[in-house]
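Visitor: Got a sequence here, can you build the structure:
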Amino acid sequence: MVDTSTSDAEKIRTSAAWVSVIVSLLVFLFKVGAYRITGSTAVLSDALESIVNVIASAVALFVIRFAAIPADHNHPYGHGKAESFSSAFEGGLIFFAAIMIIGESAKALFYQEPPRQLETGLWIVGAAALVNLFLGLYLKRVGKSHKSEALKASGAHVMSDVLTTVGVMVGLVLVLVTGKTWIDPLIAILVGAHLAYSGYKISRESLGVLMDEQDENVLEDLATSIRKNRKPGVIEIHNLRIIRSGRFHHVDAHLVVPEYWDVAEVHSFTHNYESEVVRDYEFDGELAFHLDPCKKSYCQICDMPNCPIRQLPFQELRLPTVKSLTGGPRPTNQGPYDKPDSSQKN
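Guide: A predicted model of the protein is given here:
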């Protein structure tokens, strides 16, 4: 049976990607027109970044559709990591464009005709910046609410483009006021440096996802759901790991349960608990628990009522933290865990 909510989310992500392609192309044409009118190196640098926007948004559209393909025999964890690849690719394009901009602008410091009709150019790039502002806010909102790495990366890039355009406009105003034409290529060099840093950040974050680097915010959200749904029988969880594949996360961990439970009872209990945790988790996903028997070493932190093998009285409930979840097993004779911050929701 098709999950209607998932299908609707896919349509929203795809629509947002189409909007990004069309608007990015229009903004690029605006900026090319502004460059032809003004001959400004700074405006040219802004237009070059918009070329990257157009290419990256087209790639994101393809990747979002590809990432929506369900898991299959060759891709058991699905195709979601393609979104992170798209983000890394976009970051690389931005960095490459930045190097080109810096090189061309450095030459323009010595060999460039003075810019012209700057007032007209200001109006055009100002309109482009306003359109990009709305596009960037829209992409970031959809990317965050529908868990799309590609859309979030595109939104971040478009917002960076807005800042770039504002910097270009400031440069054009300074040229108008002072008459010093060397300000124009200097602003373009600064734009290139800003883009290089932006491209590095996007690529670094995307490569982290591709290599399953731990994300503290994601881990804390999962820990919150685990604490919220914790019940007697969930004695301890440790060795937790997350594989992120777009908006779908595969989580595996060790779960300590009462050793006197039979297989059928443990299976039913863990299945229900996994479903409850995923329900309250920020992302779509699945949990796979490796079951460990308590071996009577967790008595003081186990609140299981009427336990037939209890050797020590229950003393304290240790709610899981990110540190305890991702660490190794810690029965009572190995010292206490860090307690969750009282400001965190349980």
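Visitor: residues near residue 222, how many?
Guide: Per other CB atoms under 10 Å, the neighbour tally for residue 222 reads 27. In short, each C-beta sits where N, CA and C put it, glycine included.
Visitor: do residue 74 as well
Guide: Counted with other CB under 10 Å, residues neighbouring residue 74 total 6.
Visitor: how near is it to residue 26?
Guide: From residue 74 across to residue 26, the span is 39 Å (CB to CB, to the nearest Å).
Visitor: Helix, strand or coil: sort out residue 251 for me.
Guide: Following DSSP: H, G, I helix; E, B strand; the rest coil, residue 251 is assigned to strand.
Visitor: That one and residue 287 touch, don't they?
Guide: Yes: counting by CB atoms under 8 Å, residue 251 sits close enough to residue 287 to count as a contact (4.8 Å).
Visitor: any chance you could read off phi and psi for residue 117?
Guide: phi 40, psi 50 (degrees, to the nearest 10).
Visitor: Skipping adjacent residues, who's closest to it in space?
Guide: Nearest residue to residue 117 in three dimensions, chain neighbours excluded: residue 37, at 5.2 Å (CB to CB, 6 or more residues apart in numbering).
Visitor: which residues touch the one you found?
Guide: With contact set as CB atoms under 8 Å, 6 or more residues apart in numbering, residue 37 has these partners: 116, 117, 120, 121, 124.
Visitor: what helices or strands is the helix or strand that contains residue 48 leaning on?
Guide: Taking DSSP states H and E as the criterion, residue 48 maps to helix 41-67. With contacts taken as 3 or more CB pairs under 8 Å, 6 or more residues apart in numbering; DSSP states H and E, helix 41-67 sits against helix 4-38, helix 81-108, helix 118-145, helix 149-178, helix 183-210.
Visitor: So which bits of it are buried?
Guide: Buried residues in helix 41-67, defined by neighbour count with 16 or more other CB atoms under 10 Å: 41-57, 59-61, 63-64, 67.
Visitor: With stretch 238-252 instead?
Guide: Across stretch 238-252, burial judged by 16+ other CB under 10 Å covers 238, 240, 242, 244, 245, 246, 247, 248, 249, 250, 251.
Visitor: Report the angle between the host helix or strand of residue 256 and helix 41-67.
Guide: In the assignment (DSSP H and E), residue 256 maps to strand 248-257. On the basis of axes from the mean of the first three to the mean of the last three CA atoms, to 10 degrees, strand 248-257 is oriented at 60 degrees to helix 41-67.
Visitor: Neighbouring strands of strand 248-257 in the sheet, and parallel or not?
Guide: As defined by DSSP bridges, the strand partners of strand 248-257 come to strand 236-245 (antiparallel), strand 284-293 (parallel).
Visitor: Name the residues of the helix or strand that the last one is followed by that are buried.
Guide: I take that to be strand 284-293. Sequence-wise, the next helix or strand downstream of strand 284-293 (DSSP H and E) is helix 322-326. Residues of helix 322-326 classed as buried by neighbour count (16+ other CB under 10 Å): 322, 324, 325, 326.
Visitor: Leaving out sequence neighbours, find the closest residue to residue 208.
Guide: The nearest residue in space to residue 208 (CB to CB, 6+ apart) is residue 215, at 7.5 Å.
Visitor: Could you check how far the one you found is from residue 221?
Guide: Residue 215 is 9 Å from residue 221, by CB to CB.
Visitor: Spatially, what comes nearest to residue 53 if we skip its sequence neighbours?
Guide: Of all residues not flanking residue 53 in the chain, residue 24 sits nearest, at 4.2 Å (CB to CB, 6+ apart).
Visitor: Distance check, residue 314 against residue 179.
Guide: For residue 314, the distance to residue 179 (CB to CB) stands at 81 Å.
Visitor: repeat for residue 220
Guide: Noted for residue 220: a distance of 55 Å to residue 179, by CB to CB.
Visitor: domain ranges for the chain?
Guide: What automatic domain parsing lists as the domains of the chain is 4-210, 216-334.
Visitor: Can you tell me which of the strands paired with strand 248-257 is nearest to residue 228?
Guide: strand 236-245 (13.3 Å; CB to CB).
Visitor: quick check, distance from the closest one to the centre of its chain.
Guide: A distance of 18 Å separates the centroid of the chain from that of strand 236-245, by CA atoms, centre = their mean, to the nearest Å.
Visitor: What angle do helix 183-210 and that strand make with each other?
Guide: Going by the same axes, to 10 degrees, strand 236-245 makes 130 degrees with helix 183-210.
Visitor: what mean pLDDT does strand 236-245 have?
Guide: Average pLDDT, strand 236-245: 89.
Visitor: and the angle for that strand with helix 149-178?
Guide: 60 degrees.
Visitor: Touching strand 236-245 from outside, list them.
Guide: Identification of contacts with strand 236-245 by CB under 8 Å, 6+ apart yields 77-81, 84, 209, 212, 214-215, 218-219, 222, 226, 249-256, 289-290, 298, 301, 318, 320, 324-331.
Visitor: List buried residues within the residues you listed.
Guide: Using 16+ other CB under 10 Å, the buried ones in the contacts of strand 236-245 are 78-81, 84, 209, 218-219, 222, 226, 249-251, 253-256, 289, 298, 301, 318, 320, 324-326, 330-331.
Visitor: Residue 307 against residue 258, yeah?
Guide: Yes: judged on CB under 8 Å, residue 307 makes contact with residue 258 at a distance of 6.7 Å.
Visitor: higher neighbour count, the two?
Guide: Using other CB under 10 Å, the more surrounded residue of residue 307 and residue 258 is residue 258, with 20 against 17.
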